[in-house]
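Peer 1: need a 3D model of the following:
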Amino acid sequence: MGEENTDYFIAGSRFTAPALAPGLYVVATPIGNLRDITLRALETLAAVELVLCEDTRTSAKLLDHYGISAKRQAFHEHNERDKADYIAGRIAGGAAIALISDAGTPLLSDPGFPLLRTLAEQSLPVFPIPGASALLSALVVAGLPTDAFAFHGFLPPKAGARANALKKHVDSRETLVFYESPRRLADTLAAMNEQLGERQAAVSLELTKRFERTFRGTLAELAAQFAAEETKGEAVISVAGAAEPSGPSAEDWQSALSQAMTDQPLRAAVDEVSTRFGLKRKDVYDAALALKNAQ
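Peer 2: Purely as a prediction, here's the structure:
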């Protein structure tokens, strides 16, 4: 095999990437602004024998911008299963190969999972090269809790299936994050408002690009806003989790306790009321003693 070019360029300056160990390198790429590539990602893409691209034409904009001449091969949802064994074989033979998507971190609503499973089953090395992610970028600007969140990718495009998918998250307490296309954004927000109710949410558009913007409000407000305006670029929707249940009022359970104590022993009444209202037994027992002493 001839000498391969492992150079890359930053602002006209030439750099040579160091050699890589064999394995698959899962490389995050910019989601809009080409300057959001990391130095390690550039070194990796310049040094590998092959770059697996979701769309080689899209990836060419990034690779050509940095003067990276590595061989490119299309790798997408229609051929990834057929190519997994071939790629695994090359890595087993000592090749260093990169996997990128059109934008952001691969495997998050992008191809790659069958390949990763194949490599894991064969105990072949996989290396993450972290970087840009639309999911995390939207989450940190949404103004919603980030201590717990769940990513659900794209919802089903058909109304019935979309509604059923949303119903599963009605009681979820964590912040919910979804991707959506511009043509379905208004319908999805309307469905979220119908299924999830009055919640705070945020819609982020064209993240890291010139016209990036984030809109915040209730699901009803956002649904009305985007029903009346046309959008471009994929959106990220962040939705607040369900509110904590308020629980029964003290008046309700204490009234039930008083009634139960008229025809049951104290301990039996306490057991019944604590179970019925989901209360701590000690709290109910203390209230029962107070009621008994007041008689």
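Peer 1: which SS state does the nearest residue to F9 once chain neighbours are set aside fall under?
Peer 2: Closest residue to F9 apart from its sequence neighbours, by Cβ to Cβ, 6 or more residues apart in numbering: G67 at 3.8 Å. (Glycine included, C-beta is placed from N, CA and C.) Assigned state for G67: coil (three-state reduction, DSSP: H, G, I helix; E, B strand; the rest coil).
Peer 1: okay, now G67: neighbour count?
Peer 2: Other residues lying near G67 total 16 when counted by other Cβ atoms under 10 Å.
Peer 1: and it, its phi and psi?
Peer 2: The phi and psi torsions at G67 (degrees, to the nearest 10) take the values phi 70, psi 30.
Peer 1: could you measure from it over to G12?
Peer 2: 9 Å (Cβ to Cβ, to the nearest Å).
Peer 1: is it true that the residue nearest to F9 touches A11?
Peer 2: No: in this structure, G67 is not within contact of A11 by Cβ atoms under 8 Å, at 11.0 Å.
Peer 1: mind listing the strands in the stretch 1-150 of the chain by residue range?
Peer 2: 7-10, 13-16, 23-27, 50-53, 71-74, 96-100, 126-129, 149-154 (DSSP state E, counting those that start in this stretch).
Peer 1: quick one: list the elements packing against the longest one.
Peer 2: Read that as strand 149-154. strand 175-180 (3 or more Cβ pairs under 8 Å, 6 or more residues apart in numbering; DSSP states H and E).
Peer 1: now the angle between strand 149-154 and the strand it packs on, please.
Peer 2: 20 degrees (axes from the mean of the first three to the mean of the last three Cα atoms, to 10 degrees).
Peer 1: starting at the chain centroid, how far to the helix or strand just after strand 175-180?
Peer 2: Where DSSP states H and E defines the elements, the next helix or strand beyond strand 175-180 is helix 185-196. Taking Cα atoms, centre = their mean, to the nearest Å, the mean C-alpha location of helix 185-196 is offset from the chain mean by 18 Å.
Peer 1: remind me what the helix or strand following helix 185-196 packs against, helices and strands.
Peer 2: Past helix 185-196, further along toward the C-terminus, the next helix or strand under DSSP H and E is strand 200-205. Secondary-structure packing of strand 200-205 (3+ Cβ pairs under 8 Å, 6+ apart): helix 134-141, helix 185-196, strand 213-218, helix 219-227, strand 235-239.
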